[in-house]
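>>> could you look at this predicted model? Sequence included:
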Amino acid sequence: MGKPVILGIDAGTTKIKAGLVDADGNLIDMESEICEVLSPFEGAYEMDMGNTWEIVCKVTGRLFKRNENMASDLAGVGVTGQGDGLWPVSKNGLPARRAILWNDTRARKLSFEKEDLLKQVCIKCKATPIFAGAAPVLLRWLLEKEPETVKNIAYILHCKDWINYKLTGQIATDYTDASTASINVFEKAYAEEFLSIMDLLDYKNLFPDLFPSHHVIGKVTEIASRETGIPQNIPVIAGAIDVAAAAFGVGLRQSMDACTIVGTTLCNEMILDKENVHHEDTRGSNLCYVIPDKYLRVMATQNGTSTLDRMKSLLACELSFGEIESNIEKLPVGSDGVIIQPYFYGERAPFRNPAACAGIYGLTARHGRFHILRAAYESLALSLYDCYSAFPCGVTEIYVSGGGVQSDLLCQMFADIMGKTVKRPVVGENGICGITSLVRVGLKIEDFSKAPRANFDVFLPDAARHEKYIKLFDIYSELKKIMKDYWSMRSQYIGWPQS
């Protein structure tokens, strides 16, 4: 047997990836496949859990078929995946219904009689403030709309927990995923007072046992081995939510380290020590980190590169992103007065408003489609700045990762608006690199401090562009205030969501 090889699986909202990583943290080979998001009605976003597992089997099967010689060196498996949402397993071990995803807003109309008290209980219990896509809120929705479904639910999992269950037969979750809702992040235990105020205490048994991310929860079963091509009896760790795994893969180790993951969401993160975690500030989330004594301050927006995808499909479906960028980089900062609010899926950071919607402002007869497309890119930079302004302390530099940072233009916009150095890993797939590092920690091959770090491309800020972006942000902020009443009136007018 040669040097240990680790398999990492990254189950995102739009794509599932599997990669083999060597002992030095180098990605040997990777396989991926697009997954389908279903929308049965406006505001509802779901996944077929059986299909999710089938895709995992496909990508791992293809990966090991190409790398048969690696099977004997495989030491462990780690899974990371999209967080929040509700992935229900029935009493017979099958999906109880389709998974409801993190960006689903069907539960926004739920009325909580003790809503003000609930906010106070979250603060008291050191629990993350709830939002429409959180598991406890979605469970409340199911109790009201699908009570028969709830009767058949044995466990409420997260995405990566479902994959781990199919791999090992073990029901478990980790601290990072669980801390998105319902647990005391300091005690790392379910907050009973929180569940009680949500009228969910009777359903506490549906939530799985909690473990550190690097903890080995089981081994690959014979059935899973046949279906995936992964050798039998390989250890599998509890895993981590994708934003935490990617942060670890980028290199976040010390307090005040910060990164932004530019994917379907725009996830802005900072590592904090316990004494700097303040639950009174309900903007964003305070999550457990993969390093046991650290915490992750997260400002995860509802809208990331999905904003660019949407605008491209509307205005430039025949062009590649490279062609779009070659045109919009010729335009000035501020897109000649066009500004976009990117709230296609509502918003949860740095403010919580599921009724928020996207808008294009400042259009005149002189503007063309590339002004709007540049404004879409700039909307992500403005959203990023908005989130970092809500962090408890400043940063000196920002790491970036995710599919969106393949764009040099977007990385430069981030550096310019922040007035800070932006560092992009030369090799991507930071989620896979992060989760495989955690496997090595769990197998005691290395410790947290010795986990490999990435090499980076560096983007330096331009002072003149920074000044212009700050003025643009002032307009963006004022527009956000003005639109709040409109969002509420619009929501009432269309009677949304409709189920």
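Nice, I can see it.

>>> so how many other residues sit close to C267?
Look at C267: counted by other CB atoms under 10 Å, it has 27 neighbours. C-beta: built from backbone N, CA, C; applies to glycine.

>>> my bad, A376
A376: 25 neighbours (other CB under 10 Å).

>>> partner residues bridging I241?
Residues in a beta bridge with I241, per DSSP bridges, are G81.

>>> show me how this protein divides into domains.
5-238, 251-499 (automatic domain parsing).

>>> who are the packing partners of the helix or strand harbouring T176?
Counting by DSSP states H and E, the element that carries T176 is helix 175-178. Other helices and strands packing on helix 175-178, by 3 or more CB pairs under 8 Å, 6 or more residues apart in numbering; DSSP states H and E, are strand 210-211, strand 240-241, strand 285-288.

>>> which of those strands sits most buried?
Mean neighbour count (mean count of other CB atoms under 10 Å) peaks for strand 240-241 among these, with a mean of 33.

>>> so where is the protein shaky, pLDDT-wise?
1, 111-114, 451-454, 496-499 (pLDDT under 70).

>>> before we move on, back to that, now the domains of the chain in TSV, with distance to A245?
Output for the domains of the chain, formatted as TSV (distance: least, CB to CB, whole Å):
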stretch	distance to A245
domain 5-238	4
domain 251-499	4
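
>>> in CSV, list the helices and strands packed on helix 175-178 along with distance to T307.
Formatted as CSV, the helices and strands packed on helix 175-178 follow (distance: least, CB to CB, whole Å):
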stretch, distance to T307
strand 210-211, 34
strand 240-241, 22
strand 285-288, 21
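
>>> closest one to G25 among those strands?
Across the helices and strands packed on helix 175-178, G25 has its closest neighbour in strand 240-241 (16.4 Å, CB to CB).

>>> what's the first helix or strand after that closest one?
Next along the chain after strand 240-241, taking DSSP H and E as the criterion, comes helix 242-250.

>>> how many neighbours does G322 have?
Counted with other CB under 10 Å, residues neighbouring G322 total 10.

>>> and it, that's in a strand?
No. G322 sits outside any strand when classified using DSSP: H, G, I helix; E, B strand; the rest coil, being helix.

>>> that older thread, show me what the helix holding T176 is in contact with.
By CB atoms under 8 Å, 6 or more residues apart in numbering, the list of residues contacting helix 175-178 from outside reads 83, 158, 160-161, 183, 185, 188, 190, 207, 210-213, 239-241, 244, 287-290, 296.

>>> I'd like the next helix or strand past it.
Per DSSP H and E, helix 175-178 leads on to strand 183-184 as the next helix or strand towards the C-terminus.

>>> now do that next one: which elements does it pack against?
strand 189-190.

>>> OK, contacts around F207?
With contact taken as CB under 8 Å, 6+ apart, F207 is in contact with A135, Y155, I156, T173, A178, S182, Y190.

>>> could you rerun that using 10 Å?
Neighbour list for F207: 135-136, 139, 155-157, 171, 173, 178, 181-183, 190, 195, 200 [criterion: CB atoms under 10 Å, 6 or more residues apart in numbering].

>>> the stretch 51-200 of the chain: helices as residue ranges?
115-124, 135-145, 147-151, 159-168, 175-178, 192-197 (DSSP state H, counting those that start in this stretch).

>>> for stretch 260-267, measure first residue to last.
In stretch 260-267, first residue to last residue: 5 Å (CA to CA, to the nearest Å).

>>> next, the buried residues of that stretch.
Within stretch 260-267, the residues that count as buried by 16 or more other CB atoms under 10 Å are T260, I261, V262, G263, T264, T265, L266, C267.

>>> which helix is the longest one in the chain?
When the chain is parsed with DSSP state H, its longest helix is helix 463-494.

>>> what's that helix packed up against?
On a contact count with 3 or more CB pairs under 10 Å, 6 or more residues apart in numbering; DSSP states H and E, helix 463-494 meets strand 339-341, strand 359-361, helix 369-388, helix 408-418.

>>> so how far is the helix or strand just after the third one from its chain's centroid?
Downstream of helix 369-388, the first helix or strand assigned by DSSP H and E is strand 397-401. Centre-to-centre, strand 397-401 and its host chain are 16 Å apart (CA atoms, centre = their mean, to the nearest Å).

>>> partners of strand 397-401, with directions?
Paired strands of strand 397-401, with direction, are strand 258-262 (parallel), strand 421-425 (parallel) (DSSP bridges).

>>> which strands and helices sit next to the helix or strand that the first one is followed by?
Right, the one you point to is strand 258-262. Later in the chain than strand 258-262, the nearest helix or strand by DSSP H and E is strand 266-272. When contacts are defined as 3+ CB pairs under 10 Å, 6+ apart, strand 266-272 packs onto helix 242-250, strand 258-262, strand 285-288, strand 295-300, helix 305-315, helix 369-388, strand 397-401.

>>> each with direction, which strands does the fourth one pair with?
Right, the one you point to is strand 295-300. strand 266-272 (antiparallel), strand 285-288 (antiparallel).

>>> tabulate the ones you listed (CSV), appending distance to T128.
Output for those, formatted as CSV (distance: least, CB to CB, whole Å):
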stretch, distance to T128
strand 266-272, 14
strand 285-288, 4
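
>>> distance from stretch 322-336 to the middle of the chain?
Put simply, stretch 322-336 sits 28 Å off its chain's centre (CA atoms, centre = their mean).

>>> report the buried residues of it.
Neighbour-count burial for stretch 322-336 [16+ other CB under 10 Å]: I324, E325, I328, L331, V333, G334, S335.

>>> how long is it end to end?
Stretch 322-336 has an end-to-end distance of 21 Å (CA to CA).

>>> equivalent analysis for stretch 282-294, please.
Distance between the boundary residues of stretch 282-294 (CA to CA) amounts to 19 Å.

>>> give me the secondary structure label for the residue sitting furthest away from the middle of the chain.
The outermost residue of the chain, judged against the average C-alpha position, is A365 (38.5 Å), by CA atoms, centre = their mean. When classified by three-state DSSP, A365 comes out as coil.

>>> repeat for D281
Classification of D281 using three-state DSSP returns coil.

>>> so what's it up against?
Neighbouring residues of D281 by CB under 10 Å, 6+ apart: I123, P129, R297, P350, A390, F391, P392.

>>> who wins for neighbours among those?
For those, counting by other CB under 10 Å, the largest number of neighbours falls to R297: 24 neighbours.

>>> separation between the spatially closest residue to that one that is not a sequence neighbour and C433?
Excluding the flanking residues, the one nearest R297 by CB to CB, 6 or more residues apart in numbering is M270, at 4.6 Å. M270 is 20 Å from C433, where distance means CB to CB, to the nearest Å.

>>> more neighbours, the two?
C433 (30 against 26).

>>> ok, that one - contacts?
With CB under 10 Å, 6+ apart, C433 has these contacts: 6, 8, 10, 19, 21, 25-27, 245-246, 248-251, 401, 425, 427, 451-454.

>>> determine which two of the contacts of D281 are furthest apart.
For those, and using CB to CB, no pair is farther apart than I123 and F391, which are 18.3 Å apart.

>>> quick one: terminal-to-terminal distance for stretch 340-348?
17 Å.

>>> which ones are touching the spatially closest residue to Y190 that is not a sequence neighbour?
Spatial nearest neighbour of Y190, chain neighbours left out: I183 (5.4 Å); criterion: CB to CB, 6+ apart. I183 makes contacts with 125-128, 173, 175, 177, 189-191, 194-195, 207, 210, 287-288, as judged by CB under 10 Å, 6+ apart.

>>> quick one on the thing from earlier: pull the most distant pair out of the buried residues of stretch 260-267.
So, those by CB to CB: farthest apart are T260 and T264, at 13.3 Å.

>>> any common contacting residues for these two?
With contacts taken as CB under 10 Å, 6+ apart, the residues that reach both T260 and T264 are G304, G402, G404.
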